[in-house]
Each structure stands twice: as structure tokens, then as C-alpha cells.
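Colleague: Prediction below, plus the sequence it came from.
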Amino acid sequence: MYRFFADPAQIGEKQISITGSDVNHIKNVLRMRQGEEILISDGGSKEYTCYIQELHEEEILAHIMYVQEAGYELPSKLYLFQGLPKGDKMELIIQKAVELGVHQVIPVASKRAVVKLDKKKEEKKLARWQAIAESAAKQSKRMYIPEIKGVMNFQEAVQYGAQLDVVLLPYELAKDMKHTREILGQIARGQSVGIFIGPEGGFEEEEVKLAVSGADAQVITLGKRILRTETAGLAVLSVLMFALEE
């Protein structure tokens, strides 16, 4: 069954109004008709099972059959601070991170990041990245669409991460897998967790020190193999999803 999102203001007692790009997607891409069932999330904890009642040019009306509290979300909010990668790797990272339960993705312009975005390019990229997050959220039956934040420099990212309960920083020079397992094992359901991932060139030592001093980051290892930037964050998210899933 296909999933869509609606603002609470669009949700009535017995009917939900679907507008925007979803109208074209339902009518012309999926070619759905009256009577077909769909799922609609309010972006919070409620999931509505509906059937399509009316199809108009710029609006679709869905009749609410029943409402349930769907427990699809992780009990902890996970924040991925991703160093800007080359090419289209960010699109893959965002898609898979959303599938794995990320709450927000924060693109980070760290010192070794090759990619440099001016304001115009950034706005275009953010729109594209947010659309990918929405598509992945629908596909994976998320209850809300994770936000893709604007690009931050490393210091801004550290300040943002300092508000979280736990901050993890996988580092290629870190050792002691036992210590890493202990740190991951101490993360409790309900805690907010930040994950700092470097770009292709990794982090500079001074950036690691800043994250430790400024956000109380825990430096961890992901093993003896060096993971690509598009792999490292997803590896951590996978471990946390498995550990925190209720």
C-alpha cells in the first residue's frame, strides 16, 4: 500500500485533502482510481488508512477508514553529520540514511571536503536532497520526512551537535574495538545521537579535537578496514538501528 504525507491542517474528522505534487503522482504516475486504499501519515505518530474518494485537478480527497498509532520510528533521534562527498554520493547517503531511521542529515563543509557549494548551488542541492528524503520516507513507511539541514561549516556542526545526548565520531586512526562496543552499548533508547562522518579525505586532527572538546564527541573505530564516506555513516546507523529498535 502506498504511503503519503499530509499536514495536520489537511486532516479532518473523516476526510483528508491531498494537494501538491502528490496529486500528479497518484493520478498520472501510479494511475490510482477511486476506491483504492492508501496510507497517510500526519508527520507525527498517527497513520491513517484511507481510500481515494474523489480525484480533482489539484486535489484528491481521501476518506478515513481507521487511524492507528504506528510504531515505525526509532525511539531515539539520530543525526547524521555528513562531510560533503564528491559527485552524487550525497543522494545515496540520504536515501539509505532515511531508510535506516535517521532524524536529520546535516551536510558539513569540513576542511578536506573537495566539494564547495555557493548559495545558489546549495539551494538547488538542498531541494533535490529533500525530495530524495521524502521519496525514501514514503518507500520505507516512515512516519515523517527527515529534514536535510543547510550546509554547516565544521564549527557550526560541532555547536549543533553539542545539544545532543551522545556524539560519535568514527576516525580511521582510532583503535580499541572493545571500547567502541562499550560506547555503543551504553546508548539508551530515547537519547539523541549525532554521528560525524568525514568526507573522502577524512577529518583533520584539529577537527577531531574540536569535536571532542566542543561537543564531547566519542571517538570510535569501525574496524580494521577503511570505509568510504558513503559507507561509514550507514554502517553506524545500521548498528544503532539494530540496537535501539523496539
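Modeller: Arrived safely.
Colleague: which residues of the protein fall in helices?
Modeller: Using DSSP state H, the helices of the chain run over 21-24, 89-99, 119-139, 154-161, 177-185, 205-215, 229-244.
Colleague: then the fourth one to CSV, C-alphas only?
Modeller: Once non-C-alpha atoms are left out, helix 154-161 reads as follows in CSV (Å, rounded to 0.1, in the frame of the first residue of the first chain):
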residue,chain,number,x,y,z
PHE,A,154,32.6,22.2,11.0
GLN,A,155,32.5,24.6,13.9
GLU,A,156,28.8,25.2,13.3
ALA,A,157,28.2,21.5,13.1
VAL,A,158,30.0,21.0,16.4
GLN,A,159,27.9,23.6,18.1
TYR,A,160,24.8,22.0,16.8
GLY,A,161,26.0,18.6,17.9
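Colleague: hang on, the earlier thing: nearest to Gly83, of the helices of the chain?
Modeller: Taking C-beta to C-beta, helix 229-244 is the member of those nearest to Gly83, at 6.2 Å. Bear in mind the C-beta positions are built from the backbone N, C-alpha and C, glycine included.
Colleague: For the closest one, list every residue counted as buried.
Modeller: Buried residues in helix 229-244, defined by neighbour count with 16 or more other C-beta atoms under 10 Å: 229-237, 239-241, 244.
Colleague: want to try JSON lines for those, with distance to Glu54 and pLDDT as columns?
Modeller: Output for these, formatted as JSON lines (distance: C-beta to C-beta, whole Å; pLDDT from 0 to 100):
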{"residue": "Thr229", "distance to Glu54": "47", "pLDDT": "94"}
{"residue": "Glu230", "distance to Glu54": "43", "pLDDT": "96"}
{"residue": "Thr231", "distance to Glu54": "46", "pLDDT": "96"}
{"residue": "Ala232", "distance to Glu54": "47", "pLDDT": "96"}
{"residue": "Gly233", "distance to Glu54": "43", "pLDDT": "96"}
{"residue": "Leu234", "distance to Glu54": "41", "pLDDT": "97"}
{"residue": "Ala235", "distance to Glu54": "46", "pLDDT": "96"}
{"residue": "Val236", "distance to Glu54": "45", "pLDDT": "96"}
{"residue": "Leu237", "distance to Glu54": "40", "pLDDT": "97"}
{"residue": "Val239", "distance to Glu54": "46", "pLDDT": "95"}
{"residue": "Leu240", "distance to Glu54": "42", "pLDDT": "96"}
{"residue": "Met241", "distance to Glu54": "39", "pLDDT": "95"}
{"residue": "Leu244", "distance to Glu54": "41", "pLDDT": "93"}
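Colleague: In CSV: the helices of the chain, plus distance to Leu55.
Modeller: Rendered in CSV, the data for the helices of the chain read as follows (distance: least, C-beta to C-beta, whole Å):
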stretch, distance to Leu55
helix 21-24, 8
helix 89-99, 28
helix 119-139, 19
helix 154-161, 43
helix 177-185, 48
helix 205-215, 49
helix 229-244, 37
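Colleague: Those: which one's closest to Glu147?
Modeller: helix 119-139 (7.6 Å).
Colleague: If you count contacts, what does that closest one end up packed against?
Modeller: Packing contacts for helix 119-139, counted by 3 or more C-beta pairs under 8 Å, 6 or more residues apart in numbering; DSSP states H and E, involve strand 3-5, helix 89-99, strand 104-109, strand 147-148.
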